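Q: Predicted coordinates and the sequence they were generated for:
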Amino acid sequence: MSGCAALLPPGGEARYQPLLRGALAQLKMATGVLQRVSGGLGRAKSGAHSAGQLAVWGRGFATSSCRNREDSWFKSLFVRKVDPRKDAHSTLLTKNEESNLYKIQFHNVKPECLDAYNKLCEDVLPSIHADKYYPCELVGTWNTWYGEQDQAVHLWRYRGGYPALTEVMNKLRQNKEFTAYRKERGKMLLSRRNQLLLEFSFWNEPVPRTGPNVYELRTYQLRPGTMIEWGNYWARAVRYRQQNREAVGGFFSQIGNLYMVHHLWAYKDLQSREDTRNAVWQQEGWHEVVYYTVPLIQHMDSRIMIPTKASPLQ
């Protein structure tokens, strides 16, 4: 009242005081009504929100229950049940007792230098493979026939894992013949890249074989987080592909492009490849593996390769 009275003309306080009290009373009443209406709307909104949450929770519970049933059915198909949250993929999928590490090299060679490049590799790589001083083995060396042209592919195995790899690299730095080889090789290359790989536990270890054979390197870029699922399906699928000894090796990347899988196959010729791949569709279960693994793939690539003279895989 004192603030309002200060605005009145002199002597007018007594005259207008009843009017001021009435106005204040009406203002308080209006304020109360607004508060009650606001409170009612808030409670109604809250109730509607709670009801909506309940409906969403109910639908989510039903969906979750359905999804849990589906997951249980899918998991029943797996060869080995694993929890990727507890162990690294490399621990769950590899032959831990052997601790083999693989390195795959892709060298894109100048077209006019391919013959000279192959001759240079034939002179140097087998000597490293045969020397027990180096804890590594040349698994295979090829030229790409169909796929990326004028390309050489080398696959090395290091028994003993990363310590063996480090030992080999340190020793090769002191090898004058290898240093000269790398210098000469550099003049012939357009580009090069490599990856460090681990082998799947359910594939046979690559061993030397006689020829003649053509080799297919099928490379799959998987969606992140799907390596365990891929391994579980292919643990069953590879059995369908071993009758003709075409399954050579299966690997997944550790360093380089990640979530990448390489499957290496051997065939007598391209027609044999076609016949073998068509025949597997007649086996019960193969179509199921394909159906469930295709959605895991982001990108895939196929190379047909011819082994060079220096390759243990002929």
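A: Thanks, I have the structure now. Residues are numbered from 1 along each chain as shown.
Q: P224 and M260 touch, don't they?
A: No - using C-beta atoms under 8 Å, P224 makes no contact with M260, being 11.0 Å away. (Glycine included, C-beta is placed from N, CA and C.)
Q: Now stretch 237-256: buried residues?
A: Under the neighbour-count criterion of 16 or more other C-beta atoms under 10 Å, stretch 237-256 has 237-238, 240-241, 246-254 buried.
Q: And for stretch 282-291?
A: Within stretch 282-291, judged by 16+ other C-beta under 10 Å, the buried ones are 286, 289.
Q: Any idea how far apart the tips of that stretch sit?
A: End-to-end distance for stretch 282-291: 15 Å, by C-alpha to C-alpha, to the nearest Å.
Q: about what we covered before: closest to L165 among the buried residues of stretch 237-256?
A: Ranked by distance to L165 (C-beta to C-beta), the buried residues of stretch 237-256 are led by Q254 at 10.9 Å.
Q: what sits against the residue nearest to that closest one when sequence neighbours are not counted?
A: Distances taken as C-beta to C-beta, 6 or more residues apart in numbering place L196 nearest to Q254, at 4.8 Å, with adjacent residues excluded. The contact partners of L196, by C-beta atoms under 8 Å, 6 or more residues apart in numbering, come to 101-103, 165, 253-256.
Q: does R245 count as helix, strand or coil?
A: Of the three states, R245 takes coil according to DSSP: H, G, I helix; E, B strand; the rest coil.
Q: Y220: helix or strand, and which one exactly?
A: Y220 belongs to strand 214-222 when elements are defined using DSSP states H and E.
Q: what does that strand contact?
A: For strand 214-222, the external contacting residues (C-beta under 8 Å, 6+ apart) are 140, 142, 145, 153, 230, 248, 257, 259-270, 273, 296-307, 313.
Q: Would you mark the buried spots in that strand?
A: Residues 214-217, 219-222 are the ones in strand 214-222 that count as buried (16+ other C-beta under 10 Å).
Q: and the helix or strand containing the residue nearest to Q254 with strand 214-222, angle?
A: Here L196 sits within strand 189-199, counting by DSSP H and E. Angle of strand 189-199 versus strand 214-222, following axes from the mean of the first three to the mean of the last three C-alpha atoms, to 10 degrees, is 80 degrees.
Q: Buried ones in strand 189-199, by neighbour count?
A: Buried, per 16+ other C-beta under 10 Å, within strand 189-199: 195-199.
Q: Am I right that A237 sits in a helix?
A: Yes - assessed with three-state DSSP, A237 lies in a helix.
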